[in-house]
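J.: prediction below, plus the sequence it came from.
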Amino acid sequence: MNRPLSDETGALDLWAEGAPLSLDPARRLAGPLLALGLAAGLVAAARLLADQPQGTTLALSLVLGSLFGFVLQRSRFCFFCLWRDLIDWGDPRGALGVLAALAVGIAGYTAVYGAFLPDPSGTRLPPQAHIGPVGPVLALAGLLFGAGMAISGSCISAHLYRLGEGSPTAPFALLGTALGFGLGFLAWNPLYLASISEAPVLWLPRSLGYAGALAAGLAALTLLAWPLLRLLASGPPPATPRRLDVARTVFVERWPAWAGGLAVGALSVVAYFRISPLGVTAEIGSRSRQAAAGLDLLPARLEGLDAFRGCATVIRDALLTPNGVFVAGLVLASFAAALAAGQFKPARPTTGQVVRGLIGGLLLGFGAMIGLGCSIGTFLSGVMAGAVSGWVFGLAMLAGVTATLLVGRRLGALA
Amino acid sequence: MRLRILAAFALLVGAALPLSARAETGPLVTTEWLEKKLDDPKVRIVEVSVEPGVFERGHIPNAQNVVWHTDLVETVTRDIASPEKFQALARRLGVDKDTTVVLYGDNNNWFAAWGAWVFAQYGLTDNVKLLDGGRKKWEAEKRPLDTRTAEAPPSRFTVAQTAPNLRARLADVLAVAKGERDAKILDIRSPDEFSGKIIAPSGVQELAIRAGHIPGSVNVPWARAVNADGTLKSKEELRKLYADAGVDGSKPIITTCRIGERSSHTWFVLSRVLGYDAKNYDGSWTEYGNTVGVPIVNVAGTVWGGK
């Protein structure tokens, strides 16, 4: 297990094992200083937002988004890379990190639910929790989203944090995502009438109770973790730890996946308790819906869409929305984290990166639109919420990644 | 003479009474009063907010949640909660005829006032009060919020007959519109909805086929009754606000809007605060504007939605 966890589009993460930083001492200092400036800027922005009327939510969204971006960049929490490490290299650490996030989230959500909705057995759902309709369209959404991950090199949240690392693919993948959302809106009405309108919204605590759903969720995670843990035990022993250097461990070296997972789980619970479940596509979806509607490309009504739970794409008039500042905080904090660690490495995009970014992004956006969220909003926040939709989307997503990788490699199109 | 002295004495005492004592007799309670009564078993605090999730993420301690679009209505028949449903709700909340019920909510108590109107349908009128300023003032004054669930012992409330004198039906409104009955219709929608420039505020799904207003109705948007801090304006200001539009309480009043909810805020002001004879027309524009063969006024000249 001494091979580093992989990072963007197959490149090994050479920073993880303490590779030398930039050799130029002036540049080495410039990065952390700039990062400090950015962090101060984020704090000042949050302060400013908090002083606005009703600004607490915006300020807190910025803070949580920044923390999320920091955690994602520090642990390189990329669902695609973590999954590929498992299937290509038999390295289960990333997958275990995701399971850790889910376990913390399920337990935390259950505690919050007890206060929000003491009795889950009625017809009501806990507020805002991402509990979506379960049907063939959801599975299709997961498959297409997974295909988009394999083609573009990661999911939407990872493209966002990589934007802060100067990734040459991320801007095109995110542009493709916005366009994919537009296509999703165009396809929504037929899909809704043919299938989604009849898809049941399944919430585990309603049938199992909170204790039952918690036990079932943790049991499922344990079953999934069991073979991974055995795989972990059979691997080479971990590298002998060097002398502990806290600053370097936190700000330069890559966090182990389990640490990232625990932090993501904790952030998910705090975000749900104070604002809304974690998600990164509401703003992207809402803005592309606004743009498409402004160009008269959309049907006058998107049937039933705004009544569903998930990453809501209702067009808002406000300049700043909670999800908008969350995503802005995510990208800027990732930028700051990358600068501090010497991992901001902008590069001129190659044609291949542009094409794969755009095509993969289209699939990501389309899948996230018809699935009412992405790997964060529908999978992570859904599983934590006890939603069957979270599990279905997650499994379909992994199937989509795997199938696309297999086919793409056979055709020689994917590495 | 003796009577007059007595009356003057009573007035003096009334004026000298501390705020907290007066609060219990009027239709409004203050935030200071409520904070002292949080643990009073004869006071039940109920939040009715528009935004889902507002209550859950922090409410006034010991407040209970009522969801306006499921608890207070019959969704299938488009009606207020049935007597059985309301009785079950009141029992769950631990509310009875001798309980002081304090309703509050977001959006300047908009739906809390609607809750008060529904409560009044089932005989809970004078003991139901609004927290003046609602959530907005409570939060602005940095008073505590809680996320725990209050558990009130259930009551044995039995529903009284509904109060038809508080609710106007299409036939009542039509009679006024046609001049067969003398009453004032007060439309509290935005000026653009009233004039017929738009059918409904943007983003609203429930529409009427025509735009405009009921003949003879006057327009005072509901939020004009509210101060910047969320509290209601003073009685004098309110009296003047409506009198300027020709509504002075000398005739029965019918309040109306799009679906009957914003108008219950104005109903509360007219009926409970000013003591006017007022009914709320909950069918409102989505019923009236869609009804076949009834007259409307459309000053904007855009009667039909279609071209």
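T.: The structure has been received and is ready for your questions.
J.: show the average pLDDT along stretch B:138-145.
T.: Mean per-residue pLDDT for stretch B:138-145: 93.
J.: which other residues reach that stretch?
T.: Stretch B:138-145 has contacts (Cβ atoms under 8 Å, 6 or more residues apart in numbering or on different chains) with B:Thr31, B:Leu34, B:Glu35, B:Gly58, B:His59, B:Ile60, B:Pro61, B:Tyr104, B:Leu131, B:Gly133, B:Asp229, B:Gly230. All C-beta atoms are positioned from the backbone trio N, CA, C, and that covers glycine.
J.: excluding its backbone neighbours, what's nearest the fourth one?
T.: Read it as B:Gly58. Excluding its sequence neighbours, the residue lying closest to B:Gly58 (Cβ to Cβ, 6 or more residues apart in numbering or on different chains) is B:Leu145, at 3.6 Å.
J.: repeat that for the third one.
T.: Counting by Cβ to Cβ, 6+ apart, B:Arg143 is the residue found nearest to B:Glu35 once chain neighbours are left out, at 5.8 Å.
J.: and B:Leu93, how many neighbours?
T.: By the measure other Cβ atoms under 10 Å in any protein chain shown, the count of residues near B:Leu93 is 22.
J.: need the contact list for it.
T.: Counted by Cβ under 8 Å, 6+ apart, B:Leu93 has contacts B:Arg44, B:Val46, B:Gln64, B:Val66, B:Val101, B:Ala152, B:Ser155.
J.: A:Gly310 too?
T.: Neighbours of A:Gly310 in contact, by Cβ under 8 Å, 6+ apart: A:His130, A:Gly132, A:Gly279, A:Gly371, A:Leu372, A:Gly373, A:Gly377, A:Thr378.
J.: how does it look with 10 Å?
T.: A:128-133, A:277, A:279, A:281-282, A:285, A:368, A:371-374, A:377-378, A:381-382, A:387, A:389, A:393 (Cβ atoms under 10 Å, 6 or more residues apart in numbering or on different chains).
J.: helices - which of the residues you listed land there?
T.: A:Ala282, A:Gly285, A:Ala368, A:Ser381, A:Gly382, A:Ser389, A:Phe393 (DSSP state H).
J.: quick one: the strands in chain B?
T.: B:28-29, B:43-47, B:63-65, B:73-74, B:79-80, B:100-104, B:128-131, B:167-168, B:184-187, B:218-219, B:253-256, B:278-281 (DSSP state E).
J.: any idea how far the spatially closest residue to B:Leu131 that is not a sequence neighbour is from chain A?
T.: Closest residue to B:Leu131 apart from its sequence neighbours, by Cβ to Cβ, 6+ apart: B:Tyr104 at 3.7 Å. Per Cβ to the nearest Cβ, to the nearest Å, B:Tyr104 is found 17 Å from chain A.
J.: chain B contacts on the stretch 151-300 of chain A?
T.: Residues of the stretch 151-300 of chain A found near chain B (Cβ under 10 Å from any Cβ of the partner chain) are A:Tyr272, A:Phe273, A:Arg274, A:Ile275, A:Ser276.
J.: most widely separated two among those residues?
T.: A:Phe273 and A:Ser276 (9.9 Å; Cβ to Cβ).
J.: who has more neighbours out of the two?
T.: Shown here are A:Phe273 and A:Ser276; by other Cβ under 10 Å, A:Ser276 has more neighbours (24 against 18).
J.: chain neighbours aside, what residue packs nearest to that one?
T.: A:Ser276's closest residue in space is A:Gln128 (Cβ to Cβ, 6+ apart), at 4.7 Å.
J.: returning to that earlier point: can you redo the strands of chain B as TSV with mean pLDDT and distance to A:Val137?
T.: Below are the strands of chain B laid out as TSV (pLDDT from 0 to 100; distance: least, Cβ to Cβ, whole Å):
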stretch	mean pLDDT	distance to A:Val137
strand B:28-29	97	50
strand B:43-47	97	36
strand B:63-65	95	33
strand B:73-74	94	30
strand B:79-80	94	34
strand B:100-104	97	41
strand B:128-131	97	44
strand B:167-168	96	43
strand B:184-187	97	43
strand B:218-219	97	45
strand B:253-256	97	41
strand B:278-281	96	41
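J.: confidence score at A:Ala413?
T.: Value listed for A:Ala413 in the pLDDT field: 79.
J.: from chain B, how far off is it?
T.: Taken as Cβ to the nearest Cβ, the span from A:Ala413 to chain B is 43 Å.
J.: doesn't that residue fall inside a helix?
T.: No: with DSSP: H, G, I helix; E, B strand; the rest coil as the criterion, A:Ala413 is assigned coil and is not in a helix.
J.: is it in contact with A:Arg356, as I believe?
T.: Yes: counting by Cβ atoms under 10 Å, A:Ala413 sits close enough to A:Arg356 to count as a contact (8.6 Å).
J.: got any residues that touch both of these two?
T.: What both A:Ala413 and A:Arg356 touch, as defined by Cβ under 10 Å, 6+ apart, is the set A:Ile151.
J.: before we move on, back to that, quickly list what's touching both of A:Phe273 and A:Ser276.
T.: Shared contacts of A:Phe273 and A:Ser276 (Cβ under 10 Å, 6+ apart): B:Arg57.
J.: thought the residue nearest to B:Leu131 was touching B:Lys129?
T.: Yes: B:Tyr104 is within contact range of B:Lys129, at 9.3 Å (criterion: Cβ under 10 Å).
J.: what number of residues lie near the nearest residue in space to B:Glu206 that is not next to it in sequence?
T.: Nearest residue to B:Glu206, sequence neighbours excluded (Cβ to Cβ, 6+ apart): B:Thr286, at 5.4 Å. Around B:Thr286 there are 21 other residues, counting by other Cβ under 10 Å.
J.: any idea how far A:Ser66 is from B:Thr286?
T.: Going from B:Thr286 to A:Ser66 by Cβ to Cβ, to the nearest Å gives 44 Å.
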